[in-house]
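Undergrad: what's the 3D shape of this:
(2 chains)
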There are 2 protein chains.
Amino acid sequence: MINKLVSKIKKLNAPVVVGLDPMLGYVPEHIQKKAFEEYGETLKGAAEAIWQFNKGIIDATYDLIPAVKPQIAMYEQFGVEGVEAFKKTVDYAKSKDLVVIGDIKRGDIGSTSAAYAVGHVGSVKVGNTELVPFDEDFVTVNPYLGSDGVTPFIDVCRENKKGIFVLVKTSNPSSGEFQDRLIDERPLYELVGEQVAKWGELHMGEEYSYVGAVVGATYPKMGEILRKLMPKTYILVPGYGAQGGKAKDLAPYFNEDGLGAIVNSSRGIIAAYKQEQYAQYGEENYADASRAAVEFMIKDITENIL
Amino acid sequence: MINKLVSKIKKLNAPVVVGLDPMLGYVPEHIQKKAFEEYGETLKGAAEAIWQFNKGIIDATYDLIPAVKPQIAMYEQFGVEGVEAFKKTVDYAKSKDLVVIGDIKRGDIGSTSAAYAVGHVGSVKVGNTELVPFDEDFVTVNPYLGSDGVTPFIDVCRENKKGIFVLVKTSNPSSGEFQDRLIDERPLYELVGEQVAKWGELHMGEEYSYVGAVVGATYPKMGEILRKLMPKTYILVPGYGAQGGKAKDLAPYFNEDGLGAIVNSSRGIIAAYKQEQYAQYGEENYADASRAAVEFMIKDITENIL
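TA: Modelled structure (predicted):
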């Protein structure tokens, strides 16, 4: 799956991923109205609204982008019905040949991480039948529990040609509280980064490993160091756009081959119609606004990293 | 909810929580058979089997214990249907007046943590209707992203009199890989513990904070230090029993008032019927075996901590 991701990025010349993080506040009035008419102001109504919203964005952008990244929290906030909308979104994106990165940030003790892995990127045996539950292509993983919380994901991924992105340096303002603390004069995120590179050797693709890293766009100097520490690691870069990360700061996240990083934007794409820049599309045509925002993002990034 | 938890622990003299982590391999044949007859060897069949299994254990133990802790990974492994079984389990346990600790180990950037918090321990607005999605009483939270990944949980908990347990020192073998690394000559878990104590001041109950900590039973010396660093923090202690933690090692996790910690056992209780000690119950009476194992656990722990 890392080979497919890399090949799609090359073909489209688009090292970008669209974050499908649907807050109800982003969903245009007409979609909410229809969903609530059908299912009432219920969790099912909300789930239907975000699913229809996502479908519109996927339909309008799938030919431009290699991948989408649904953030499962935005679905879990609507309970079981929301999780069902997550699954529908994963399936629909895959039917459009998009690579799906489930942003689930799971991580637990060994046997528990194995259960998450089976559920999200593997298969589970029920009686004599092998079933595939959520079926994302990649998931994000939290490293706080150490190797035995991470390697069960890698083991399941190896069997299924799937991959993970491990949190190394996150994009949020207080990420430094623990991640930047110095251990033997080096910040924790560097030790995690080195470990990610080691884990990566356990499951290599052609040019890059199936084990990637998450490094926020908001910390480009750290991105530069981590890029060098993890040469075969694909870096998933959140924080571009709405969170403040600028295209000109993204060059250090890429290798000299122009590869090695994929930049995420969520709000900036899916709620583009709310920005002045795309207001002319109007709420009804929110998906066209998202397409325009994707086109701008690809141009912005590829111009700045070359 | 921390007040309710403490008061139930006192009343029952039982500082224990039963981990409802149903692997299909633990579910007796007759329950699996019935579920598969009804729904086939499908995710729905598996979900029905684990839900019926849980129901039996809750029915057989709810009068002895203050709380249960379903580990959501064990449900996510069966996809959307599994998550539905998680929700049923939460609701049923609450109907028996049990405190429910959702072991979800979530944690993300601020707006995303807020969505998890709303989904699991808060309410979400859909149109003009306020809805309560998963409705656990407590959830576990991963601290790797720092304060702005944790405080959104605390904010939602404050509104709803609910609480969290933050991972400090986990019970797994490689937890030390990052958690034990020295920062200014002190291990990372101590810094996280100090931060948990500070976060705890944001949401205090009567005697203890609504912000608890997770410290594994497998590291009693660290438990002793953390106990002193976080005097008002309830400690959720996994790792007793199947993971190797012994009752005699648990005393340091408690305060002198005999409170301050709640010890989890999962496999040791829910799959008790598979142990030689409880084999006489037989598979059909698995829930009675679980009850006997709970009685043993309570005695084992209370005798050793007094």
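
Undergrad: the stretch 201-306 of chain A: helices as residue ranges?
TA: A:220-229, A:267-270, A:286-305 (DSSP state H, counting those that start in this stretch).

Undergrad: quick one: residues contacting the residue minimising distance to the centre of chain A.
TA: Note on chain A: the residue nearest the mean C-alpha position is A:K69, at 3.5 Å, using CA atoms, centre = their mean. Shown in contact with A:K69 (CB atoms under 8 Å, 6 or more residues apart in numbering or on different chains): A:17-20, A:100-103, A:236, A:264, A:266. Where C-beta positions appear, they are placed from N, C-alpha and C, glycine not excepted.

Undergrad: quick revisit: okay, the helices of the stretch 201-306 of chain A in JSON lines with distance to chain B and mean pLDDT next?
TA: Formatted as JSON lines, these follow (distance: least, CB to the nearest CB, whole Å; pLDDT from 0 to 100):
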{"stretch": "helix A:220-229", "distance to chain B": "15", "mean pLDDT": "96"}
{"stretch": "helix A:267-270", "distance to chain B": "9", "mean pLDDT": "97"}
{"stretch": "helix A:286-305", "distance to chain B": "19", "mean pLDDT": "96"}
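
Undergrad: comparing these, which comes out most buried?
TA: Greatest average neighbour count among the helices of the stretch 201-306 of chain A goes to helix A:267-270 (a mean of 24), per mean count of other CB atoms under 10 Å in any protein chain shown.

Undergrad: burial count for A:L167?
TA: By other CB atoms under 10 Å in any protein chain shown, 27 other residues sit near A:L167.

Undergrad: cool, and the one 3 residues further on?
TA: The local packing count at A:T170 equals 28, with neighbours defined by other CB under 10 Å.

Undergrad: is it true that it touches A:G216?
TA: Yes: with contact defined as CB atoms under 8 Å, A:T170 reaches A:G216; the gap is 5.5 Å.

Undergrad: tell me which element A:F165 is part of?
TA: When elements are defined using DSSP states H and E, A:F165 is found to belong to strand A:163-169.

Undergrad: got the angle for that strand vs helix A:220-229?
TA: Orientation note: strand A:163-169 sits at an angle of 130 degrees relative to helix A:220-229 (axes from the mean of the first three to the mean of the last three CA atoms, to 10 degrees).

Undergrad: is chain B within reach of strand A:163-169?
TA: Yes: Strand A:163-169 is in contact with chain B by CB under 8 Å from any CB of the partner chain, via A:L167.

Undergrad: roughly how far apart are A:L98 and A:N54?
TA: Distance check for A:L98 against A:N54: by CB to CB, to the nearest Å, it reads 11 Å.

Undergrad: what about those two, which has more around it?
TA: A:N54 (26 against 23).

Undergrad: for the more buried one, which residues are in contact?
TA: A:20, A:22, A:70, A:85, A:89, A:92.

Undergrad: quick one, phi psi at it?
TA: Dihedral angles of A:N54 (phi, psi; degrees, to the nearest 10) stand at phi -60, psi -40.

Undergrad: and it, what pLDDT?
TA: Looking at A:N54, its pLDDT is 98.

Undergrad: next: A:L306.
TA: At A:L306, the model reports a pLDDT of 67.

Undergrad: please apply the same query to A:G241.
TA: The per-residue pLDDT reported for A:G241 equals 84.

Undergrad: list the residues that contact it.
TA: Going by CB under 8 Å, 6+ apart, A:G241 touches A:265, A:267-269, A:297.

Undergrad: next: A:G244.
TA: By CB under 8 Å, 6+ apart, the residues touching A:G244 are A:217-218.

Undergrad: shaky segments in the stretch 1-150 of chain A?
TA: Applying pLDDT under 70 to the stretch 1-150 of chain A flags no residue at all.
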